[in-house]
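# my questions are about this predicted structure, shown below with the sequence.
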Amino acid sequence: MIILVMGVSGSGKSTIGQLLADSLHWEFADADSFHSPENIEKMRHGIPLNDLDRMPWLLALQQAIQQCLQKNKNMVLACSALKATYRQVLVLDEERVKLVYLKGAFELIQKRLQTRQSHFMSEKLLKSQFDALEEPSGAITVDVSDAQEVIVQKIRVSLGI
């Protein structure tokens, strides 16, 4: 199974994804590590990525997901996956790729980004992320204002694992 933890920047994808993977003794991957150096520089300078910028990134993620599915490998993947079209590229098998949406208020996530250090994603891009966000239907939706341990437990209970 692959658990795709999605949401806007600052929603806790990497933190929750890593905690979830650790609790399950699964591999964890962060979609940020799949971005090209050019995309990272754009985001570092507050320039939103467009669909053309994202396509090679999405295809690299799709390939990683496909390899995991072929090997029957369990993994938690933290990935923004803001648009339905992006999720269509990534959710190759609805039975084995499960979507978890970390949902939170703009103000809460903005506060988190203001205190975050050593990350290329600029706080200036948060509005563009919320503007691009197409909330998923059929996903496990978790409120990011809960404690991290509570969020992980809710995800595990929802997935029955």
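Looks like it arrived, so ask away. Numbering: from 1, shown residues only.
# list the buried residues in stretch 85-101.
Buried residues in stretch 85-101, counting neighbours by 16 or more other Cβ atoms under 10 Å, are found at 86-87, 89-91, 97-101. For every residue, glycine as well, the C-beta is placed using N, CA and C.
# flag the shaky bits of the chain, pLDDT-wise.
116-124 (pLDDT under 70).
# for it, what's the longest strand?
As assigned by DSSP state E, the longest strand anywhere in the chain is strand 97-103.
# in the protein, mark out all the strands, start to finish.
Taking DSSP E, the strands of the chain run over residues 2-6, 27-30, 75-78, 97-103, 140-143.
# and those strands as CSV, adding distance to Gln66?
CSV is the format used below for those (distance: least, Cβ to Cβ, whole Å):
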stretch, distance to Gln66
strand 2-6, 10
strand 27-30, 13
strand 75-78, 12
strand 97-103, 10
strand 140-143, 22
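# what are the contacting residues of the longest strand of the chain?
Strand 97-103 is contacted from outside by 1-7, 11-13, 16, 65, 69, 81, 87, 90-91, 135-136, 138-144, 151, 155, 158-159, using Cβ atoms under 8 Å, 6 or more residues apart in numbering.
# so what strands line up beside it?
strand 2-6 (parallel), strand 140-143 (parallel) (DSSP bridges).
# most tightly packed of these?
Sort the strands paired with strand 97-103 by mean neighbour count, taking mean count of other Cβ atoms under 10 Å, and strand 2-6 sits at the top with a mean of 26.
# got the CA coordinates for it in PDB?
Output in PDB follows, covering the C-alpha atoms of strand 2-6 (Å, rounded to 0.1, in the frame of the first residue of the first chain):
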ATOM      1  CA  ILE A   2       1.100   3.600  -0.600                       C
ATOM      2  CA  ILE A   3      -0.300   6.300   1.500                       C
ATOM      3  CA  LEU A   4      -0.100   9.700  -0.200                       C
ATOM      4  CA  VAL A   5      -0.200  12.500   2.400                       C
ATOM      5  CA  MET A   6      -1.300  15.700   0.600                       C
END
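# fine, thanks again, bye for now.
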